[in-house]
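> The following comprises the amino acid sequence and a computationally predicted model.
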Amino acid sequence: MKALKDILYGVGLSAVSGSTAILVNSICFDSRLVGMDDVFIAIKGTLTDGHNYIDQAIASGAKAVVCESMPDKLINEVTYVEVTNGNAALAITASNFYGNPSKNLKLVGVTGTNGKTTISSLLYQLFKKAGFKVGLISTIKIMVDNKEYATSHTTPDALTINRHLALMNEAGVEYCFMEVSSHGIHQKRTQGLVFEGAIFSNLSHDHLDYHNTFAEYRDTKKILFDELPKGAFALTNIDDKNGLVMLQNTKARKYTYALKTYADYRAQILENQFDGQLLKINDNELWSKLIGHFNAYNMLAIYATADLLGLEKLEILRLLSELDNVDGRFQYFISKEKITAIVDYAHTPDALKNVLDTINTLRTGNENVITVVGCGGDRDRSKRPVMGHIASEMSNKAIFTSDNPRSEVPQTIIEEMEKGVEPHNTKKILAIENRKQAIKAACQMAVANDIILVAGKGHETYQETNGKRVNFDDFKIVKEILKSLDK
Ligand SMILES: CC(=O)N[C@H]1[C@@H](OP(=O)(O)OP(=O)(O)OC[C@H]2O[C@@H](n3ccc(=O)[nH]c3=O)[C@H](O)[C@@H]2O)O[C@H](CO)[C@@H](O)[C@@H]1O[C@H](C)C(=O)N[C@@H](C)C(=O)N[C@H](CCC(=O)O)C(=O)O
Ligand SMILES: Nc1ncnc2c1ncn2[C@@H]1O[C@H](COP(=O)(O)OP(=O)(O)OP(=O)(O)O)[C@@H](O)[C@H]1O
Ligand SMILES: N[C@H](CCC[C@H](N)C(=O)O)C(=O)O
Ligand SMILES: [Mg+2]
């Protein structure tokens, strides 16, 4: 049990009714999960308002309520605390409750449209190889040194973040790398965390359903940098046109990286082939197993971060060359008949373009590129025609299929993708709603030396339709089908 007043430390209170000296069991922001003696925090969400569930939370045992406006009727035995922002209150109380665990390790946040999982997972791998105890909070999983935890978000809610950071403290973790999504920043899931540094990878089209405009999306990402403390580092990709925007108002030490322009950390691609690329980073050559321009940026960001965190330069270069692809990011195999199948998490126009660009630069003859791709339901609709255009323009054949339809009608999503296909490409496209059948069709079409790209779901091992998830693993499926066709 903890004293309510202690966990409220640093939260701006506008009114209080009842005693804050009471002891509470834990913090909860979902009335359906409230237990005896908890404090319930009412959050105004995107679908409903937590204030509607205050009575339910009290009926389930809540002893204290944190809210943005006091209910009309107050119950004597309950303490009510009014705050200006429920999300901020949740983040600060969660950090207090777990003993402000971000202060006891070096926490580095990674933001940007694409590359967050790649950069943070590879930093985790690199620091592990360097002999440290390391933590990771990513789209794929949460790692507390060697112990793995499942996750449902790229940036989890503040309680989940701080609970895992506290586990990291217990395990003696020294560095933690975490993805900071724009939803995470906007919902203040990361507020109150003490960052040692932040990295900006790039900004392109995504999530314009949630953030109304591109400027709003960019400014949300910038908040991570605006709130960095003075001693922290702010590292940004200045080849991206929004790279310098991130540094505009930060108090942190500023560093830049780039391939195309002068920067603190620079890289050049010397050679590029299917199983790796030769890079030159600040005058040292380095062999990377990860290919493509976008991965040259990722490797450079990782090099710079490791340098800023004090690792020895030659040691960093040696460890960088040992790093393997992250699950579902350009994960490939070559079949018996020499068909290359690539699974990639490209679910934005920019990512899809980058992956197809990389594939196209590696083509040696007249092999075909067959792309299987869909777009997620209940997510930014405006990226659908753009992705349809890119897939059809940059492949010899594109099969439009379902990603995670969620609550939407799959056929409608496919039709929206088709709207972006230019007349000269219509012959190249095919629509097969069932993702497994779509992958099968690609495998049937492919002949020796062809390249199949299955894009959008990467590491995901499920497909979500109407709230239900069924097992689905692109990599396993494409491998099985090619084998069953004896290709
Ligand atoms: C759109 C969005 O981000 N929604 C997140 C948000 O939920 P919400 O605002 O919709 O919540 P709500 O349903 O309106 O409910 C409001 C409040 O009432 C409470 N409530 C509700 C019902 C009830 O009976 N009792 C009750 O107390 C809820 O617990 C909540 O506190 O807050 C929830 C708790 O933190 C999140 O789980 C939820 O993520 C949803 C599931 C989601 O799909 N989010 C995605 C879009 C997301 O966050 N993605 C980013 C990655 C994006 C990227 O790739 O860059 C991520 O970081 O994962
Ligand atoms: N630096 C980069 N620039 C552009 N595209 C990239 C970059 N790194 C990876 N990609 C592409 O974007 C896809 C997603 O990469 P990654 O999972 O690292 O991004 P993310 O930012 O974590 O995405 P999410 O927002 O879903 O968490 C990859 O599969 C690849 O196609
Ligand atoms: N973090 C991203 C993941 C998208 C993955 C894609 N497979 C989809 O389901 O749309 C999002 O929430 O928009
Ligand atoms: Mg991610």
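That came through, no problem. Note that the coordinates shown come from a computational prediction; the quantities given were computed from them, not determined experimentally. Ligands and ions are numbered 1, 2, ... in the order given.
> Stretch 359-371 close to ligand 2?
No: Stretch 359-371 does not reach ligand 2 (CB under 6 Å from any ligand atom); its nearest approach is 10.7 Å. Every C-beta, even on glycine, is put in place using the N, C-alpha and C of the backbone.
> what does stretch 346-353 give?
Yes: Stretch 346-353 comes into contact with ligand 2 (CB under 6 Å from any ligand atom), by way of A346, D350, A351.
> Among those, which one has the most neighbours?
A346 (29 neighbours; other CB atoms under 10 Å).
> could you say which helix or strand contains that residue?
Counting by DSSP states H and E, there is no helix or strand that carries A346.
> just L430 next, same as before
strand 429-431.
> which residues are contacting that strand?
G388, A391, S392, K397, A398, I399, F400, T401, I414, E418, V421, A441 (CB atoms under 8 Å, 6 or more residues apart in numbering).
> now do 7 Å
For strand 429-431, contacts defined as CB atoms under 7 Å, 6 or more residues apart in numbering pick out S392, A398, I399, F400, I414, E418, V421, A441.
> in the chain, which spans are helices?
4-7, 54-59, 86-97, 116-129, 158-170, 182-186, 214-226, 293-308, 313-320, 349-362, 383-394, 410-418, 435-445, 474-484 (DSSP state H).
> that older thread, dump the residues of stretch 346-353 next to ligand 2 to CSV, plus distance to G231.
Formatted as CSV, those follow (distance: CB to CB, whole Å):
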residue, distance to G231
A346, 36
D350, 33
A351, 33
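> Neighbours of the one residue in the stretch 251-400 of the chain that gets nearest to ligand 1, how many?
Per CB to the nearest ligand atom, R379 is where the stretch 251-400 of the chain lies closest to ligand 1, at 7.2 Å. Neighbour count for R379, taken as other CB under 10 Å: 19.
> Next up, the contacts around it.
D209.
> Start the count at 707 instead of 1 going forward.
Okay, residue one is now 707; in that scheme the one you just asked about reads as R1085.
> Would you mind measuring from the residue of the stretch 1057-1193 of the chain found nearest ligand 2 to R738?
As assessed by CB to the nearest ligand atom, ligand 2 sits closest to A1057 within the stretch 1057-1193 of the chain, at 3.3 Å. Per CB to CB, to the nearest Å, A1057 is found 36 Å from R738.
> Next, count neighbours for A921.
Neighbour number of A921 under other CB under 10 Å is 11.
> Equivalent analysis for S1190, please.
Counted with other CB under 10 Å, S1190 comes out at 10.
> With D863 instead?
20.
> Then G724?
18.
> How about it, nearest residue that isn't a chain neighbour?
T785 (3.3 Å; CB to CB, 6 or more residues apart in numbering).
> And that neighbour, how far from H917?
T785 is 36 Å from H917, by CB to CB.
> Among the two, which residue is more densely surrounded?
T785 (22 against 19).
> Next, the contact list for that one, please.
L710, S723, G724, S725, T726, I728, K769, A770.
> pLDDT score for the fourth one?
What that stands for is S725. S725 is assigned 97 on the pLDDT scale.
> Please name the nearest non-neighbouring residue to it.
S725 sits nearest to T785 (CB to CB, 6+ apart), 5.9 Å away.
> same question, the fifth one
Spatial nearest neighbour of T726, excluding adjacent residues (CB to CB, 6+ apart): K711 at 4.1 Å.
> same deal with T926?
S888 (4.7 Å).
> what's the burial count for the one you found?
25.
> Which pLDDT value does the model give the closest residue to ligand 3 within the stretch 707-856 of the chain?
Closest to ligand 3 within the stretch 707-856 of the chain is T845: 6.2 Å, counting by CB to the nearest ligand atom. pLDDT recorded at T845 is 97.
> again, but for Q979
pLDDT, Q979: 87.
> any idea how far N820 is from the most centrally placed residue in the chain?
Centroid-nearest residue in the chain, with CA atoms, centre = their mean: T860, separated by 4.2 Å. Applying CB to CB, the value for T860 to N820 is 12 Å.
> what's the answer for M1123, then?
19 Å.
> and if you look at I749?
For I749, the distance to N820 - CB to CB - is 29 Å.
> cool, and S907?
In terms of CB to CB, S907 sits 6 Å off from N820.
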